[in-house]
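**Q** Build me a model:
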Amino acid sequence: MLDTLQKSKILTKAGYTVPAHPGDGAAQEAWTRQIENLYVTYVAARAARSLREAEEARQMERLRALASMRAYA
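**A** Okay, the predicted model is just below:
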């Protein structure tokens, strides 16, 4: 399981604007919540993109199959 610092690095590499890591105390807790929320958003967006791409590939394969069947008709 990834810790919050690892998640912030992943988000940064993915192009998200990540708030600077604060010191300790309440600021640390707020930062952790922000990173966790951003990471959930990031993962959900990746999953949605993956599902869209899979559906597009499935539809494209179906169209190719139909086109090849028509070519032989």
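**Q** ok, which stretches of the protein are strands?
**A** Assigned by DSSP state E, the strands in the chain number zero.
**Q** pLDDT of the longest helix along it, averaged?
**A** Ranked by residue count under DSSP state H, the longest helix found in the chain is helix 26-72. Helix 26-72 comes out with an average pLDDT of 94.
**Q** Check stretch 8-15 too.
**A** Across stretch 8-15, the average pLDDT comes to 97.
**Q** and it, which residues are buried?
**A** Using 16 or more other CB atoms under 10 Å as the test for burial, stretch 8-15 gives 8, 10, 11. To be clear about C-beta, it is placed using only N, CA and C from the backbone, and glycine gets the same treatment.
**Q** How many neighbouring residues does residue 33 have?
**A** When counting by other CB atoms under 10 Å, one arrives at 11 neighbours for residue 33.
**Q** about what we covered before: export the buried residues of stretch 8-15 to CSV and append columns for distance to residue 54.
**A** Below are the buried residues of stretch 8-15 laid out as CSV (distance: CB to CB, whole Å):
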residue, distance to residue 54
8, 29
10, 22
11, 24
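**Q** From those, which land in helices?
**A** Per DSSP H, the subset of those in helices is 8, 10, 11.
**Q** Contacts only, for the last one.
**A** Translated: residue 11. By CB atoms under 8 Å, 6 or more residues apart in numbering, the contact list for residue 11 reads 18, 35, 38, 39, 42.
**Q** Leaving out sequence neighbours, find the closest residue to it.
**A** Spatially, and ignoring its direct neighbours in sequence, residue 11 is nearest to residue 18 (5.1 Å; CB to CB, 6 or more residues apart in numbering).
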